[in-house]
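sequence first, predicted model second:
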Amino acid sequence: MSKLLINGEWVDGESTQVLTEKYQGRVYGEMAVASAAQVEQAVGIALAGVKASTLTPYERYRILSQAARNVESRMEVLVGLMRDEAGFTRADGENEVRRCVQTLELSAEEAKRLNGELVPMQAAAGMKNRMGFTLRVPRGVICCITPFNSPLNTVAHKVAPALAGGNAVILKPSNLTPLTAVELCKALLEAGLPPALLALINGPGSRIGTQLLNDQRIAYYAFTGSTRVGREIQQAAGLRGVQLELGSIASTIVCHDADIDMAIPKIINAGFRKAGQVCTSVQRLFVDRRIADVFIPKFVAAAKATKAGDPADAATIVGPMISTHHAQRATAWVAEAVAAGATLLAGGACDGNVMPPTVLHNVTDGMRVYCEEIFAPVVSILEFDTLDEVVQRANDSPYGLAAGLFTSSLETAFRTARRLEFGGIHINEASSARVDIMPFGGVKDSGFGREGPGYAIREMTEERLVTVAY
């Protein structure tokens, strides 16, 4: 059972929520739901804890480093949990654990090198006997609200930099994946993290989330989720800090001079891993018309060869979606597109929560599979004639999180990268290419702020100026 973590103690909530695994619907656990009083208590303890904390940067480094080892030792437990909670295949689960370990290690290193800078005061007239420098100081209590589709590493990307910067953390994981977050919290406590600096709170966003947003003792919010909820968080936060990683319609472009055999496996992985439930999953796949007759059959064959089904089967690449509702919605959008003239080249129908890799062609701009985030293993192939055309079409979206571009021309790569309106542009990689050390975040309705430990830790701390006259 998932309990609440308050001041180092695992406690019951005011009620429980049954948890069912995503492939067969088997009950595998329960989640404790916090009361309003428990949320109030958790924030108060976190605030007192961060004010009283004497952890040095080295001690924070040591704790996060040991937490990385603790997570690494829990590989099998975590893979099993994520199979039940999120429908992850073994490959997806193992990758999630390995990346979480790296995120913790990177955050540990950032704890040691977080510093300010010397201000050149004497560059101004009359400042001969004055010097200045800046410090980085904790913001205080950081509230981390995390999604189901990366129940371990995305949590680590918010919690670990916050702790590395000397803050306390209130963690509210997705109600669909609470047990994975429990294991990460255990790993941190066992590594020596002072109990007051970490709380885990479960419950409905409509109540728990609203209470957390209204609590003025919380200094900063780090959120990954929908653009609708992101707007609510930004509005409620007011002058407090926020980092928002929101919706996306990710595009990948394949130019006429691309290495097709290199591109296809990367795009297949980016479009269909985690059942396409990744904010940077390839949704719009733009292919130069000059190579479409060669590229499309190869891509469709690769999609059909990508096994979907039981996530416990080592050969499975695409596991179940997070819920029957999500699977039915995606199936309905595909059927709607086909009825409106799109061509179904692969997949399309669900077996339970499992949607096989689905490929559409002849999609038009007004179809929901094109203009709304589908968050499913569905890729729409769209042919183009010129770079000007494809840049305009890729940018024609309220979102701007990530894009991929395959080309053998450096001129095309650099010129197009400057014109694409996305937070990240990956050359000869698909839109979901990510290394945990890099800055990650979007523009437009995809939010603002950056993940990546070295970037997040600076957002989760405040710069303080000190001047000295002598």
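Done, it's in.

ramachandran angles for the residue nearest the centre of the chain?
Among the residues of the chain, the one closest to the centroid is Thr154, at 4.8 Å (Cα atoms, centre = their mean). Backbone geometry at Thr154, expressed as degrees, to the nearest 10, gives phi -70, psi -40.

got it, and Ala168?
phi -100, psi 150.

where's it relative to Thr358, distance?
Using Cβ to Cβ, to the nearest Å, Ala168 is found at 44 Å from Thr358. C-beta here means a position set from N, CA and C on the backbone, and glycine is covered the same way.

quick revisit: mind listing what the residue nearest to the centre of the chain touches?
Residues counted as contacts of Thr154 (Cβ atoms under 8 Å, 6 or more residues apart in numbering) are 146-147, 224.

which residues of the stretch 351-470 of the chain fall in strands?
Assigned by DSSP state E, counting those that start in this stretch, the strands in the stretch 351-470 of the chain fall at 358-361, 378-384, 399-400, 402-406, 424-427, 443-444, 447-448, 461-469.

then the stretch 1-150 of the chain?
Using DSSP E, counting those that start in this stretch, strands in the stretch 1-150 of the chain cover 4-6, 9-11, 15-20, 27-33, 118-119, 130-138, 141-145.

run through the strands of the stretch 151-300 of the chain in chain order.
168-172, 198-200, 218-224, 241-245, 250-254, 282-288.

re earlier: out of the strands of the stretch 1-150 of the chain, which is the most enclosed?
strand 141-145 (a mean of 27; mean count of other Cβ atoms under 10 Å).

for the closest residue to Lys22 other than its chain neighbours, what are its contacts?
Closest residue to Lys22 apart from its sequence neighbours, by Cβ to Cβ, 6 or more residues apart in numbering: Gly87 at 3.6 Å. Residues near Gly87 by Cβ under 8 Å, 6+ apart: 21-23, 275, 311, 319-322, 353.

how about those, which pair is most distant?
The most widely separated members of the contacts of Gly87, counting by Cβ to Cβ, are Glu21 and Ala275 (14.1 Å).

any stretches of the stretch 101-250 of the chain with poor pLDDT?
Of all residues in the stretch 101-250 of the chain, none has pLDDT under 70.

returning to that earlier point: Glu21 and Ala275: which is more packed in?
A count of neighbours by other Cβ atoms under 10 Å puts Ala275 above the other of Glu21 and Ala275, at 33 against 21.

the more buried one and Ser323 touch, don't they?
No: using Cβ atoms under 8 Å, Ala275 makes no contact with Ser323, being 11.0 Å away.

outline the domain layout of the chain.
Domains of the chain are assigned by automatic domain parsing as 4-246+446-469, 250-441.

show me which helix runs longest in this protein.
helix 90-113 (DSSP state H).

would you mark the buried spots in that helix?
The neighbour-count check on helix 90-113 (16 or more other Cβ atoms under 10 Å) flags 90-97, 99-111 as buried.

stretch 345-361 too?
345-348, 350, 353-361.

what is the nearest of the residues you listed to Asn395?
Using Cβ to Cβ, the buried residues of stretch 345-361 come closest to Asn395 at Leu360, 21.0 Å.

ok, back up a step: make a markdown table out of the strands of the stretch 1-150 of the chain and add distance to Ala335.
Putting these into a markdown table (distance: least, Cβ to Cβ, whole Å) gives the following:
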| stretch | distance to Ala335 |
| --- | --- |
| strand 4-6 | 42 |
| strand 9-11 | 45 |
| strand 15-20 | 26 |
| strand 27-33 | 31 |
| strand 118-119 | 61 |
| strand 130-138 | 51 |
| strand 141-145 | 33 |
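
sorry, back to before: redo the strands of the stretch 151-300 of the chain as TSV? Include distance to Pro297.
Listed next are the strands of the stretch 151-300 of the chain as TSV, based on distance: least, Cβ to Cβ, whole Å:
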stretch	distance to Pro297
strand 168-172	46
strand 198-200	49
strand 218-224	36
strand 241-245	36
strand 250-254	14
strand 282-288	12
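
turn those into JSON lines, including distance to Met367 and mean neighbour count.
Converted to JSON lines, the strands of the stretch 151-300 of the chain look like this (distance: least, Cβ to Cβ, whole Å; neighbours: other Cβ atoms under 10 Å):
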{"stretch": "strand 168-172", "distance to Met367": "35", "mean neighbour count": "26"}
{"stretch": "strand 198-200", "distance to Met367": "41", "mean neighbour count": "27"}
{"stretch": "strand 218-224", "distance to Met367": "27", "mean neighbour count": "24"}
{"stretch": "strand 241-245", "distance to Met367": "26", "mean neighbour count": "22"}
{"stretch": "strand 250-254", "distance to Met367": "15", "mean neighbour count": "29"}
{"stretch": "strand 282-288", "distance to Met367": "11", "mean neighbour count": "25"}
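
for the residue lying closest to Val282 once chain neighbours are set aside, report the pLDDT, please.
What sits nearest to Val282 in space, not counting adjacent residues and going by Cβ to Cβ, 6+ apart, is Gly271, at 4.1 Å. pLDDT recorded at Gly271 is 98.

list the contacts for Gly271?
281-283, 285, 303, 357, 377, 379, 430.

from Arg26, how far out is the closest residue in space to Ala250 that isn't next to it in sequence?
Leaving aside its sequence neighbours, Ala250 sits nearest to Ser431 (Cβ to Cβ, 6+ apart; 3.8 Å). Separation of Ser431 from Arg26 (Cβ to Cβ): 34 Å.

again, but for Leu213
35 Å.

quick one: which of those two has more around it?
Leu213 (20 against 10).

how many other residues sit next to Gly447?
29.

and the closest residue to it other than its chain neighbours, what is it in contact with?
The shortest distance from Gly447 to any non-neighbouring residue, by Cβ to Cβ, 6+ apart, is to Leu244 (3.5 Å). Counting by Cβ under 8 Å, 6+ apart, Leu244 touches 223, 230, 233-234, 447-449.

please redo it, this time with the cut-off set to 10 Å
Applying Cβ atoms under 10 Å, 6 or more residues apart in numbering to Leu244 gives the contacts 221-225, 227, 229-231, 233-234, 237, 441-442, 445-449.

repeat for Leu106
64, 68, 156-157, 160-161, 164, 436-437, 452-454, 456-457.

what does Ser432 give?
248, 250, 252, 266-267, 269-271, 273-274, 276, 278-282, 401-402, 404, 424, 426.

make a PyMOL selection of the buried ones in these.
Buried residues within these, by 16+ other Cβ under 10 Å, are selected in PyMOL with:
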select buried, resi 248+250+252+266+267+269+270+271+273+274+276+278+279+280+281+282+401+402+404+424+426
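
kindly reformat the contacts of Gly87 as a markdown table containing pLDDT and distance to Pro138.
As requested, the contacts of Gly87 are exported to a markdown table (pLDDT from 0 to 100; distance: Cβ to Cβ, whole Å):
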| residue | pLDDT | distance to Pro138 |
| --- | --- | --- |
| Glu21 | 95 | 39 |
| Lys22 | 95 | 38 |
| Tyr23 | 95 | 42 |
| Ala275 | 98 | 38 |
| Pro311 | 97 | 39 |
| Gly319 | 98 | 39 |
| Pro320 | 98 | 40 |
| Met321 | 98 | 39 |
| Ile322 | 97 | 34 |
| Asn353 | 96 | 42 |
